[in-house]
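Q: All I have is the shape, not the residue letters:
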């Protein structure tokens, strides 16, 4: 309804992105993949298969992680290959995202690392916001 009215927007937005060093980002991706597997990713995909879901037909589950586990169940990948492929494909996806977002000049980037606290990010975001 709001869009149909062509109402004038009377506020400004500030976009903030968090930029990790690539090495740290990739380490976090690898760790997160291990956590996802430990927390039941394989069982979730097994349930999908048992209930006739297929990533080749159900595009909503054609995601990094799910399709590699399907391929593991189909004996296309060993367990170690499956894990390595999830990590590799997630890193590739992250790289594509960063390439896309870096082109957006509206985003104000904040460099972060493992030691960066939420309060530090909030403070830097407030500085950026205050400059507008």
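A: That came through, no problem. Because the structure is a prediction, the values reported are computed rather than measured.
Q: wait, what's in contact with residue 45?
A: Residue 45 makes contacts with 66, 69-70, 73, as judged by Cβ atoms under 8 Å, 6 or more residues apart in numbering. Backbone N, C-alpha and C define where each C-beta goes, glycine included.
Q: Please list all residues in contact with the most centrally placed residue in the chain.
A: Here the mean C-alpha position of the chain is nearest to the C-alpha of residue 94 (Cα atoms, centre = their mean), at a distance of 6.6 Å. With contact set as Cβ under 8 Å, 6+ apart, residue 94 has these partners: 25-26, 29.
Q: Most neighbours of all the contacts of residue 45, which one?
A: Tallying neighbours with other Cβ atoms under 10 Å puts residue 69 at the head of these, with 26 neighbours.
Q: So for residue 17, what's the nearest residue that isn't a sequence neighbour?
A: In space, and not counting its chain neighbours, residue 17 is closest to residue 107: 4.5 Å by Cβ to Cβ, 6 or more residues apart in numbering.
Q: which of the contacts of residue 45 lies closest to residue 132?
A: Ranking the contacts of residue 45 by separation from residue 132, with Cβ to Cβ as the measure, puts residue 66 on top at 40.2 Å.
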